[in-house]
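Visitor: what shape does this take:
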Amino acid sequence: MTRTPDDPPPGPSARQAVTLAHIARLAGVSPPTVSKVINGHPGVSTGTRRRIEDLVREHGWRRPETAGAGVVVEVLFQSLDSLWALEIIRGIDEVVQARGMVVALIDMRGRRSPHGGWIDQVLARRPAGVIAVSADLSERQQVRLASRSIPLIALDPRGEPDHRVPSVGATNWNGGLTATRHLLELGHRRIAMVNGPDTLMCCRARVDGHRAALDVAGVPADPALLRTAPLYVEGGRTEAEALLALPDPPTAVFAANDLQALGVYQAAQRRGLRVPGDLSVVGFDDLPLAQWADPPMTTVRQPLARMGAVAAEMVMAAAGGRAPADHRVELATTLVVRASTATPR
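Guide: I've put the predicted structure just below:
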């Protein structure tokens, strides 16, 4: 077949691997320039770097190396100092161990993103895949992982899931709706919520579900009854103390997680209030501690271990060259009614 001058330059067919030289030709740069971008080296303008990164992602370029496949799944956590993280790890580890592999945990010690040197280190380690748990990876980090055929899965992403990264989460909106609807059905109308940071997508979804339940029931949302706090016991206790000091305090509190709900328990106890006799409390997560609280806590169960297992299954499938059946997986939340909720006095 004869090409005309107006025909585009030939590219790799579906049966051919995309080469670095092909990416360079499309970008209008030299192969060494593409190599600099792929390996994270300086000396390339921002515009050129972005153009090359877009082409790498669009054409699925992969570094031509197959030996020494990783036997480790690397898991990034913003923090490991919580029972929430342990439940997720349990689910991931069960799947990974069953494949004869191991889990490597990276604690970012409160940072939203891994430190600058992490990407070079992880590329040197060459894991089978990376699971980012409520962690943000830059576009450049994502491109460099993809260039080494290291799959990335986001678990409970902080913001709206990147359409290029498969993700796993839970039905947080429905969980917030169900928790508040339960309190409404008991007869509560002064229902407060102690939410987590609004920078977290899961917390935004939970409070939206809470508001939706109030709206459907025709109960006005009182701004004084909505508080925001860190997702720890201290945050729940501090905001509950402020709520219970209001001239017209709530008769029920929905907390964005079980740790905050324990803080609500503490605030009620300090004021001589009984749970649920004087104050009903609902948590979120159903951590093991919820059933051992006094009284046992009504909470929304988030299937944390299963979320970890699904993320591990997705990353293992991707490592084997299989695309995930679903790009975004949301596992169902369920209300677990125990002894911390009752009709208002």
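
Visitor: all helices for the chain, in order.
Guide: 20-27, 31-38, 46-59, 83-98, 118-125, 139-147, 172-185, 201-217, 233-244, 258-270, 288-292, 304-319 (DSSP state H).

Visitor: show me what the last one is packed against.
Guide: Under the contact criterion of 3 or more C-beta pairs under 8 Å, 6 or more residues apart in numbering; DSSP states H and E, helix 304-319 touches strand 72-77, helix 83-98, strand 129-133, strand 152-155, strand 167-170, strand 328-331. C-beta: built from backbone N, CA, C; applies to glycine.

Visitor: so what touches it?
Guide: 69-70, 73, 84, 87-96, 99, 128-131, 151-153, 155-156, 166, 168-170, 285, 323-324, 329, 331 (C-beta atoms under 8 Å, 6 or more residues apart in numbering).

Visitor: filter these to the buried ones?
Guide: Among the contacts of helix 304-319, those classed as buried by neighbour count (16 or more other C-beta atoms under 10 Å) are 70, 73, 84, 87-89, 91-93, 95-96, 128-131, 151-153, 155-156, 166, 168-170, 285, 324, 329.

Visitor: who's in contact with Leu244?
Guide: Counting by C-beta under 8 Å, 6+ apart, the residues that Leu244 touches are Pro250, Ala267, Ala268, Arg271, Leu273, Leu279.

Visitor: now it: how far from Gly236?
Guide: Using C-beta to C-beta, to the nearest Å, we find Leu244 at a distance of 12 Å from Gly236.

Visitor: tabulate the helices and strands packed on helix 304-319 (CSV), appending mean pLDDT.
Guide: Compiled in CSV, these are given as follows (pLDDT from 0 to 100):
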stretch, mean pLDDT
strand 72-77, 93
helix 83-98, 92
strand 129-133, 96
strand 152-155, 96
strand 167-170, 97
strand 328-331, 96
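
Visitor: want to throw these into CSV with distance to Met201?
Guide: Below are these laid out as CSV (distance: least, C-beta to C-beta, whole Å):
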stretch, distance to Met201
strand 72-77, 17
helix 83-98, 16
strand 129-133, 13
strand 152-155, 11
strand 167-170, 8
strand 328-331, 11
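
Visitor: which one of the ones you listed lies nearest to Ala255?
Guide: Closest approach to Ala255 among the helices and strands packed on helix 304-319 (C-beta to C-beta): helix 83-98, 13.4 Å.

Visitor: any common contacting residues for Leu244 and Gly236?
Guide: By the contact definition C-beta under 8 Å, 6+ apart, Leu244 and Gly236 are jointly contacted by Ala267.

Visitor: looking at the helices and strands packed on helix 304-319, which is closest to Ile52?
Guide: Of all these, strand 152-155 comes closest under C-beta to C-beta, at 19.0 Å.

Visitor: tell me which strands and helices the closest one is in contact with?
Guide: Strand 152-155 packs on strand 129-133, helix 139-147, strand 167-170, helix 304-319, going by 3+ C-beta pairs under 8 Å, 6+ apart.

Visitor: one more pass at 6 Å, please.
Guide: On a contact count with 3 or more C-beta pairs under 6 Å, 6 or more residues apart in numbering; DSSP states H and E, strand 152-155 meets strand 129-133, helix 304-319.

Visitor: deepest of these, which one?
Guide: The highest mean neighbour count among those, using mean count of other C-beta atoms under 10 Å, belongs to strand 129-133: a mean of 27.

Visitor: put the alpha carbons of that one into CSV.
Guide: The C-alpha trace of strand 129-133 is given here as CSV (Å, rounded to 0.1, in the frame of the first residue of the first chain):
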residue,chain,number,x,y,z
GLY,A,129,1.8,-3.9,42.5
VAL,A,130,1.1,-0.9,44.8
ILE,A,131,-2.1,-0.3,46.8
ALA,A,132,-2.5,3.3,47.9
VAL,A,133,-4.8,3.5,51.0
